[in-house]
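1. sequence unknown, structure follows:
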Ligand SMILES: O=C(O)CCC(=O)C(=O)O
Ligand SMILES: [Fe+2]
C-alpha cells in the first residue's frame, strides 16, 4: 500500500495560510505546491516549484485556508472558468454513467441523485450500499476528470490517485443527513470534496454520533479536505440555496468527493 499522504496529521498547520491557484497548481503565498511543502517540511528552497511573480501579479485569486473542526476548507479555490470546464467534464461523465436515485436497503429513496467516476463507484440499492466496479446499467464508470485529479495530486498526494470520485446532485429541497464516510478500507487517506453550483449548508459534528455541530455555507469552487483527526467526523448537508449560483443552468448543487477505496 502506498504510504499515507503527507497532509494527513498536519492539517491544522495550514489554518490561516494564504493560497493561490494557477491552472492546475495550488500554491502557497511565498512559493511551493502544498504537496511539495508538506514533503519538504518547510518549503521549496530551490524555487523550482515557485511560480514566477507574486500571486497578485499573476492575477491569481488568493484563498485563505480555514479549519472547521479539523475539516480544511479552501474557499473559492476553483476559478469560475475551472468550474465551468469541470461542469463540461461532468456532463460527459453523466452521458456514460447517468445519474440515478439510490435506494436504501429499507427501500427508501435518497433525495440526492448520484453517479461516479473512477475505478469504482458508490451504489446503494435493496442489497445495501457498497462500491461497485460498474454503474447499475453495466457501463464502466468514466475516468475522473483531470481537473479533479490535479487538485488531488496538489492537495493530497501524487503517489496514489483516488479510486472513486462520487458525484452528487442536489436539486431543490435536497439534503443529506449526518453520516460518516466509512466505506473505505484505509482512513489514512483523506476525502477531498469539491462544491459546484448552488450554495449548500454543510454541517460538521463529531467523530461519534451526537453532540454539538457547526455549519458553514459551501459555495461554488470551494474545496475541502476531511483528513487526519477529521477523517471520520459526522457531516451532512442541511439544505441548499436553490438558484443562488448561475453555474448550472437548471440550478442545483453538485458535490464531488474523491476517495481511496481499497
Ligand atoms: O455534498 C457534500 O458537501 C457532502 C457529500 C457527502 O458527504 C458524501 O457524498 O458523502
Ligand atoms: Fe460524506
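-> Good, I have the coordinates. All figures in this text were calculated on a predicted structure; none of them were measured in a lab. Numbers count the residues shown, from 1 in each chain. Ligands and ions are numbered 1, 2, ... in the order given.
2. Contact residues of the stretch 51-200 of the chain facing ligand 1?
-> By CB under 6 Å from any ligand atom, the residues of the stretch 51-200 of the chain that approach ligand 1 are 166, 168, 176, 181, 193, 200. C-beta here means a position set from N, CA and C on the backbone, and glycine is covered the same way.
3. List the buried residues of stretch 84-101.
-> By 16 or more other CB atoms under 10 Å, the buried positions in stretch 84-101 come out as 85-87, 89-90, 93-94, 97.
4. Out of those, the closest to ligand 1 would be?
-> residue 90 (14.1 Å; CB to the nearest ligand atom).
5. would the closest one count as being in a strand?
-> No. According to DSSP: H, G, I helix; E, B strand; the rest coil, the state of residue 90 is helix, so it is not within a strand.
6. and the residue positioned nearest the centre of the chain, what pLDDT?
-> Centroid check for the chain by CA atoms, centre = their mean gives residue 193 as the closest residue, at 1.2 Å. pLDDT, residue 193: 98.
7. what are the phi and psi angles of it?
-> phi -130, psi 140 (degrees, to the nearest 10).
8. show me the contacts for it.
-> Residue 193 makes contact with 223-226, 255-258, according to CB atoms under 8 Å, 6 or more residues apart in numbering.
9. So this structure: which segments form each domain?
-> Domain assignment for the chain by automatic domain parsing gives 17-63, 65-259.
10. Strands of the stretch 101-250 of the chain, start to end?
-> Under the criterion DSSP state E, counting those that start in this stretch, strands of the stretch 101-250 of the chain are mapped to 113-118, 121-125, 128-132, 164-170, 176-179, 191-197, 199-204, 214-218, 223-226, 235-241.
11. Cool, thanks, talk later.
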